[in-house]
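*Asks:* this one's sequence-less:
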């Protein structure tokens, strides 16, 4: 049962060459709203002027400048005053590349009567006691969640990025902390991994791990794919998921 948690881990090279005109256009509203008022022709706090280079962003030529700006945006030192950018704006401006979406919490009483044939709330139907009527509703709601994931992945795939698309350059983990809500089964979790992580992951397969393999091994593997050389994940992982990294 894929129920409540959608961790979205997206990344791509920080500086992979000059930004396209489309990418520059997407960044312009962020700079105009949050940066130019302190770093334009009239005001140059910290001896930094951005309006003169924002029209043709070249992360190679102006590498040191944009690295400095990126660092201050990532640490949220900039912008210093309200209104602060939303998380969506940070993602759009490429100042952060990791996000998490929880579609519902574990005790969600979300009513799904908007779906045909569903009359119960999600948490209630998860304790279906293997009764056909409740199991049927449970499957319908689970299917609905997967349909939302499919839409999300298709939207990512439709966004061109370099020679591929956004999904090619991202890693999406989808799953939950419980395999079966009816019996509160927490072992042998089904986890879906989508995206190729910039060419670091192999896809299109079903991998089954040995019983007792910690979930941290998958998170450790994702960290490796993102270039992190940590020895373990949270001191719990026992290795990486063989066959997932290219």
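*Replies:* Received it, and whenever you're ready, just let me know what you need. Predicted, not measured: the structure shown is a model, and the values here were computed from it.

*Asks:* Which helix or strand in the chain has the lowest average pLDDT?
*Replies:* In the chain, no helix or strand scores lower on mean pLDDT, DSSP states H and E than strand 5-10, which sits at a mean of 36.

*Asks:* low-scoring pLDDT stretches of this protein, where are they?
*Replies:* Within the chain, the stretches with pLDDT under 70 are 1-27, 53-61, 88, 91-96.

*Asks:* what's the single longest helix in it?
*Replies:* With residue count as the measure and DSSP state H as the assignment, the chain has helix 132-158 as its longest helix.

*Asks:* who does it touch, helix- and strand-wise?
*Replies:* helix 122-126, strand 164-165, strand 170-174 (3 or more Cβ pairs under 8 Å, 6 or more residues apart in numbering; DSSP states H and E). C-beta coordinates here come from the backbone N, C-alpha and C atoms, glycine included.

*Asks:* Which among these is found nearest to residue 64?
*Replies:* Closest approach to residue 64 among those (Cβ to Cβ): strand 170-174, 27.4 Å.

*Asks:* Just checking: what are the partner strands of that closest one?
*Replies:* Using DSSP bridges, strand 170-174 pairs in its sheet with strand 5-10 (antiparallel), strand 192-194 (antiparallel).

*Asks:* Please find the angle between the direction vectors of it and helix 132-158.
*Replies:* Strand 170-174 runs at 170 degrees relative to helix 132-158, counting by axes from the mean of the first three to the mean of the last three Cα atoms, to 10 degrees.

*Asks:* chain center to strand 170-174: distance?
*Replies:* For strand 170-174, the separation from the chain centroid amounts to 6 Å (computed by Cα atoms, centre = their mean, to the nearest Å).

*Asks:* do the same with stretch 74-84
*Replies:* 22 Å.

*Asks:* start to end distance for it?
*Replies:* Stretch 74-84 has an end-to-end distance of 13 Å (criterion: Cα to Cα, to the nearest Å).

*Asks:* Over to stretch 28-44?
*Replies:* Terminal residues of stretch 28-44 lie 18 Å apart, using Cα to Cα.

*Asks:* same thing with stretch 109-118?
*Replies:* Using Cα to Cα, the end-to-end distance of stretch 109-118 comes to 13 Å.

*Asks:* repeat for stretch 169-182
*Replies:* Its first and final residues considered, stretch 169-182 spans 36 Å by Cα to Cα.

*Asks:* Also stretch 206-223?
*Replies:* Chord length of stretch 206-223, first to last residue, is 20 Å (Cα to Cα).

*Asks:* Please list all residues in contact with residue 72.
*Replies:* By Cβ atoms under 8 Å, 6 or more residues apart in numbering, the contact set of residue 72 is residue 78.

*Asks:* re earlier: dump the helices and strands packed on helix 132-158 into JSON lines; add mean neighbour count and distance to residue 32 as well.
*Replies:* Output for these, formatted as JSON lines (neighbours: other Cβ atoms under 10 Å; distance: least, Cβ to Cβ, whole Å):
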{"stretch": "helix 122-126", "mean neighbour count": "20", "distance to residue 32": "42"}
{"stretch": "strand 164-165", "mean neighbour count": "16", "distance to residue 32": "27"}
{"stretch": "strand 170-174", "mean neighbour count": "21", "distance to residue 32": "27"}
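
*Asks:* now these in a markdown table, with distance to residue 77?
*Replies:* As requested, the helices and strands packed on helix 132-158 are exported to a markdown table (distance: least, Cβ to Cβ, whole Å):
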| stretch | distance to residue 77 |
| --- | --- |
| helix 122-126 | 41 |
| strand 164-165 | 32 |
| strand 170-174 | 26 |
